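1. just the structure for this:
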Amino acid sequence: MNRPTHPARRAVLGAVAVSLAALAAPTLPTAQAAVAAGPQFTAATLNLGDATDADLASNITALSRDRGVSILGLQEAGDRADLLARVRDRAGMASWRWCRPDDPGAPSVPIMYDSDIWSLETACGGFLAVESRYLGPDGAGPDESKPKFVTAFVLHHRASGRNVRVLNTHFIPSARRNDLSDAEKQRRVDHVKDHVAALVDRIGRPATHPMPVVLMGDLNGPGSWPLLQPLKDIDLVGWSTEPTHDNGESLDHVVRRNLGQVSRAYVGTASDHKAVVNRLEF
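-> Model (predicted):
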């Protein structure tokens, strides 16, 4: 058997050395594995409906305890101050608080937050009323006679030092009904357009407002509803796709911008709405 020439021997030894070096070197993680997961938190939305305060207090406490919810947007809470106090003070709810401006309509869409996890970065002046164009076929109706509200402020995540713009709202009902007169339906549609425009203005475009955003609420329409397109145009994603109401429609949403979604769940409650619970990541 012929011995390899000197250049051939050098090539063989070089290959062996490379192989040994590869074995000795630590395995490098893939690009995906190398990206560390960011801090996480859970936000949820719930329309209280006609459920009793006692049932709702139990359900909301369970949401916090079982699902780790630390930001909660409630709708139809205008006359439920006792409920909010009961929820805040219950064991397992840490030190929940809410933003309560002096405007009498403000408590209808409060944002509760766990103040062990979050601090309020802005004052409670982030409250916005969207005047209703719809007054009903025979004058003002019980719901449409009042403006629709948006509660909006910035929360500071204590552990990570990051800020999130948080909004909670409730859209006018029945704008998609087909049994309305053309004029009546158009008034409701116009109100939804005003409401969406107010949200777009408050949230801002991603290029000029890079802070992460969470928008919660009962929007009385599915994510595929064309009137919601301006919200998608400012990069709000994560629209609910499963039924959230007893009527089988997807009405309740927790959407986000500049945040990742870890999981989403639809949780049955004492209300006729399911709570939409989203685990999010910076």
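2. let me know the pLDDT of Gly217.
-> Listed pLDDT for Gly217 reads 96.
3. and it, how far from His253?
-> Per CB to CB, to the nearest Å, Gly217 is found 6 Å from His253. Where you see a C-beta, it was placed from the backbone N, CA and C, and this is true even at glycine.
4. overlap in contacts, these two.
-> Common neighbours of Gly217 and His253, using CB atoms under 8 Å, 6 or more residues apart in numbering, are Thr45.
5. excluding sequence neighbours, find me the nearest residue to Asp50.
-> Excluding the flanking residues, the one nearest Asp50 by CB to CB, 6 or more residues apart in numbering is Asp272, at 7.1 Å.
6. so Ala198 is in which element?
-> For Ala198, the host element (DSSP states H and E) is helix 182-203.
7. next structured bit after that helix?
-> With elements assigned by DSSP H and E, the helix or strand that comes after helix 182-203 is strand 213-218.
8. so what touches that next one?
-> With CB under 8 Å, 6+ apart, strand 213-218 has contacts from 43-45, 47, 71, 73, 75-76, 109, 111, 164-171, 199, 203, 231, 236, 251-259, 273, 276, 280.
9. the following helix or strand past that strand packs against which elements?
-> The first helix or strand that comes after strand 213-218 along the chain, using DSSP H and E, is helix 229-233. Here helix 229-233 touches helix 182-203, going by 3 or more CB pairs under 8 Å, 6 or more residues apart in numbering; DSSP states H and E.
10. returning to what we had before: buried among the contacts of strand 213-218? Need that as a selection in PyMOL.
-> Selection of buried members from the contacts of strand 213-218 for PyMOL, criterion 16 or more other CB atoms under 10 Å:
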select buried, resi 43+44+45+47+71+73+75+76+109+111+164+165+166+167+168+169+170+171+199+203+231+236+251+252+253+254+255+256+257+259+273+276+280
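11. of the contacts of strand 213-218, which belong to strands?
-> 43-45, 47, 71, 73, 75, 111, 164-170, 252-257, 276, 280 (DSSP state E).
12. so for the residue nearest the centre of the chain, what's the nearest residue that isn't a sequence neighbour?
-> The chain has Val254 as the residue nearest its centroid, 3.1 Å off, counting by CA atoms, centre = their mean. Of all residues beyond its chain neighbours, the one nearest Val254 is Asn278 (4.4 Å), with distances taken as CB to CB, 6+ apart.
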